[in-house]
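Asker: no sequence on hand, only this structure:
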C-alpha cells in the first residue's frame, strides 16, 4: 500500500471552479478506480487556496495505471489550468502501523 499526497495552490478565481466543477465531477470515479482504496480532499487552514489530495493505492502500479488513464489526463488538464503555482506531489509509505 502507498499513499499519494498532492499539494495544489489555486488562483483565487480558480478555487471554486475546481471544487464545484472539476472535483465534484470526478471524485467518485477516482475513488472507484481499480486499486484506489481511499481519496480525500483537504484544505490548508492558513491558506484556503491551497488544497491537498490524500489518496491510498494498492501499490505503485495501481497509481501508475490511474496516472496513465483518460480519467486522470482529462481531470489533471482541467485542474492545472486553475493553478497559481506548480503542484507538488509525494508518494509515501507508512513507517509504522
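Answerer: Right, received. Where do you want to start? Please read these numbers as outputs of a predicted model, since none were measured by experiment. Numbers count the residues shown, from 1 in each chain.
Asker: helices or strands next to the longest helix along the chain in the packing?
Answerer: What stands out as the longest helix in the chain, according to DSSP state H, is helix 70-80. For helix 70-80, the packing partners by 3 or more CB pairs under 8 Å, 6 or more residues apart in numbering; DSSP states H and E come out as helix 24-31. No exception for glycine: its C-beta is placed from N, CA and C like everyone else's.
Asker: residues of the helix it packs on that come out buried?
Answerer: Of the residues in helix 24-31, those buried by neighbour count under the rule 16 or more other CB atoms under 10 Å are 26, 30.
Asker: how far out from the middle of the chain is that helix?
Answerer: Here helix 24-31 is found 10 Å from its chain centre; the criterion is CA atoms, centre = their mean, to the nearest Å.
Asker: repeat for stretch 40-50
Answerer: Averaging C-alpha positions (CA atoms, centre = their mean) puts stretch 40-50 12 Å from its chain's average.
Asker: any idea how far apart the tips of that stretch sit?
Answerer: Taking CA to CA, to the nearest Å, the span from the opening residue of stretch 40-50 to its closing residue is 14 Å.
Asker: how about that stretch: buried residues?
Answerer: Counting neighbours by 16+ other CB under 10 Å, one finds that the buried residues in stretch 40-50 are 49, 50.
Asker: returning to what we had before: not counting the longest helix of the chain itself, show me its contacts.
Answerer: Taking CB atoms under 8 Å, 6 or more residues apart in numbering as the criterion, the residues outside helix 70-80 that touch it are 8, 18, 21, 22, 26, 29, 30, 33, 66, 87.
Asker: mind putting those residues into JSON lines with distance to residue 94?
Answerer: Conversion of those to JSON lines gives the following (distance: CB to CB, whole Å):
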{"residue": "8", "distance to residue 94": "23"}
{"residue": "18", "distance to residue 94": "29"}
{"residue": "21", "distance to residue 94": "33"}
{"residue": "22", "distance to residue 94": "29"}
{"residue": "26", "distance to residue 94": "26"}
{"residue": "29", "distance to residue 94": "26"}
{"residue": "30", "distance to residue 94": "21"}
{"residue": "33", "distance to residue 94": "21"}
{"residue": "66", "distance to residue 94": "20"}
{"residue": "87", "distance to residue 94": "23"}
